[in-house]
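Asker: sequence first, predicted coordinates after that:
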Amino acid sequence: MLTLRIIIDVMMAITWLLTLEYKILGMALHEYVGLTLFACFIVHILLNWRWFANLTKGTYNTTRLLRTTANLALIVCIIVVIATVPFVSRVVYTNLSGSLPVGVWKLIKGLHKGAGKLGFVLLVLHVFFHWTYLRNVLGKIFVSKDKDKARLANIK
């Protein structure tokens with residue numbers, strides 16, 4: 001389960017970075033990578049459902065309040081990006097994007113881009129908040145393999 005969490009988290013970070021480079025990827029690949037990011041987000045939320053269950057439990061010191069606010073803001077950004085996709089899409093959801101007045105489409109496109117960029121900043125903050133945990137988990141994954149290799153080398 002822990003390895004799945006790490007894989008999903010790494011995939012989310014990579015796909016988010018890729019979606020920010022839509023001019024390089026092209027619109028079609030941007031949209032399909034975005035769908036992959038959406039799927040990773042859903043899996044991430046399902047794997048971390050206990051966080052939501054514990055929101056109303058315990059006391060809130062400054063650190064917990066800051067982390068919770070940043071995480072909720074990140075979730076809002078993701079929801080805004082997801083909610084605006086059908087209206088700005090040119091490949092996956094072409095029916096809705098063509099029926100909007102230009103001014104409304106530009107507003108929704110601005111929300112989509114702004115939420116995506118702000119969300120990435122909040123994602124970096126989210127990773128920063130969990131850096132010690134990530135370092136320890138990754139250390140256990142890679143160090144344990146190196147120790148096993150060293151033990152096997154000594155046996156031979």
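Answerer: That came in fine, so what should we check first? Numbering: from 1, shown residues only.
Asker: can we go C-alpha only for contacts and neighbour counts from here?
Answerer: Will do.
Asker: hang on, isn't Leu37 packed against Met12?
Answerer: Yes: Leu37 is within contact range of Met12, at 5.7 Å (criterion: Cα atoms under 8 Å).
Asker: so which bits of whichever strand or helix holds His44 are buried?
Answerer: If you go by DSSP states H and E, His44 is part of helix 27-47. Buried residues in helix 27-47, counted by 16 or more other Cα atoms under 10 Å: 27, 30-31, 33-38, 40-41, 43-44.
Asker: list the neighbours of it that are in contact with it.
Answerer: Here helix 27-47 makes contact (Cα atoms under 8 Å, 6 or more residues apart in numbering) with 5, 8-9, 11-12, 15-16, 18-19, 21-22, 82, 89-92.
Asker: please redo it, this time with the cut-off set to 7 Å
Answerer: 8, 12, 15-16, 19, 22, 91-92 (Cα atoms under 7 Å, 6 or more residues apart in numbering).
Asker: residue boundaries of the helices in this protein?
Answerer: Applying DSSP state H to the chain gives helices spanning 2-20, 22-25, 27-47, 49-53, 62-88, 94-97, 102-129, 131-155.
Asker: mind giving me JSON lines with those and columns for mean pLDDT?
Answerer: Shown next, in JSON lines, are the helices of the chain (pLDDT from 0 to 100):
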{"stretch": "helix 2-20", "mean pLDDT": "85"}
{"stretch": "helix 22-25", "mean pLDDT": "84"}
{"stretch": "helix 27-47", "mean pLDDT": "92"}
{"stretch": "helix 49-53", "mean pLDDT": "91"}
{"stretch": "helix 62-88", "mean pLDDT": "93"}
{"stretch": "helix 94-97", "mean pLDDT": "66"}
{"stretch": "helix 102-129", "mean pLDDT": "91"}
{"stretch": "helix 131-155", "mean pLDDT": "65"}
